[in-house]
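Engineer: Quick one, structure for this:
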Amino acid sequence: MKPALVVIDMIKGNEPFFRETHRRIIPNIKKTIERCRKLGIPVIYANDSYMESDWIFNFMKKHAIRGTEGVEVIDELKPEMGDIVIEKRRFSAFFRTDLDITLRELGIDTVLLAGINTHVCVLATAFDAVSSDFNVILLEDCCASHKEEIHEFITKKFKGMPAFKVLSSEEFFSEFSG
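Structural biologist: Presented below is the predicted three-dimensional model:
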């Protein structure tokens, strides 16, 4: 297994929309990022980064406008030298971005997913990863939705799937180093 961690939408532009469920995962993501860096697992941030007139704002409040502080990763999870930051304009981190080619150039075969929202951007990215022939591990303690029951519904639905695993970060690190 050659994994990379993809942290989705943990940006300043989303902070005004953070609920307790979102804030609760920040320490878990931070710890996971630190462990990945120590193990040489690439850390990739996939961030909302929209144009002012983006089509998506027909049904979403404007946020994360390209060129503003809103597209930056929140202070608690700031990228470090060697981390990769990818801008995205749609839910999936794969859709019309450099994520696929970046993963392939790094020799990655497994995508670890962290971030928000489990039922939207995380799930869309997971499906596109599997469709692009990557194994997926959704780190359930590093992902959240605005409602806990939505997050739990998604994680329960996919637990036990072969190409799309749902594990806690501790379960992943035990499996990876074991």
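Engineer: Run the chain-centre distance for stretch 74-94.
Structural biologist: 8 Å (Cα atoms, centre = their mean, to the nearest Å).
Engineer: Pull out the buried residues from that stretch.
Structural biologist: 74, 77, 79, 83-84, 86-94 (16 or more other Cβ atoms under 10 Å). Every residue, glycine included, has its C-beta placed from N, CA and C.
Engineer: Between these, which sits nearest V43?
Structural biologist: Proximity to V43 was ranked across the buried residues of stretch 74-94 by Cβ to Cβ; first place goes to D83, at 4.6 Å.
Engineer: doesn't I41 make contact with the closest one?
Structural biologist: No - between D83 and I41 there is no contact, the gap being 11.0 Å when judged by Cβ atoms under 8 Å.
Engineer: low-confidence ranges in the chain?
Structural biologist: 178 (pLDDT under 70).
Engineer: Now do the buried residues in the top helix by length along the chain.
Structural biologist: Looking across the chain with DSSP state H, the single longest helix is helix 20-39. Judged by neighbour count using 16+ other Cβ under 10 Å, the buried positions of helix 20-39 are T21, H22, I25, I26, N28, I29, K30, T32, I33, R35, C36.
Engineer: ok, the second one - contacts?
Structural biologist: By Cβ atoms under 8 Å, 6 or more residues apart in numbering, the residues touching H22 are N14, I116, A144, H146.
Engineer: Which secondary structure state does the last one sit in?
Structural biologist: What DSSP: H, G, I helix; E, B strand; the rest coil gives for H146 is coil.
Engineer: tally of neighbours for it?
Structural biologist: Counted with other Cβ atoms under 10 Å, residues neighbouring H146 total 17.
Engineer: Which parts of this structure are strands?
Structural biologist: Counting by DSSP state E, the chain has these strands, from start to end: 3-8, 43-48, 84-88, 110-116, 135-144, 164-167.
Engineer: Dump these to CSV, plus distance to G67.
Structural biologist: Supplementary listing: these in CSV, determined by distance: least, Cβ to Cβ, whole Å:
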stretch, distance to G67
strand 3-8, 20
strand 43-48, 13
strand 84-88, 11
strand 110-116, 22
strand 135-144, 27
strand 164-167, 35
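Engineer: Between those, which one is closest to S177.
Structural biologist: strand 3-8 (11.7 Å).
Engineer: Mind giving me the packing neighbours of that closest one?
Structural biologist: In terms of contact count using 3 or more Cβ pairs under 8 Å, 6 or more residues apart in numbering; DSSP states H and E, strand 3-8 is assigned the packing partners helix 20-39, strand 43-48, strand 110-116.
Engineer: Adjacent strands (with direction) for it?
Structural biologist: Counting by DSSP bridges, the strands paired with strand 3-8 are strand 43-48 (parallel), strand 110-116 (parallel).
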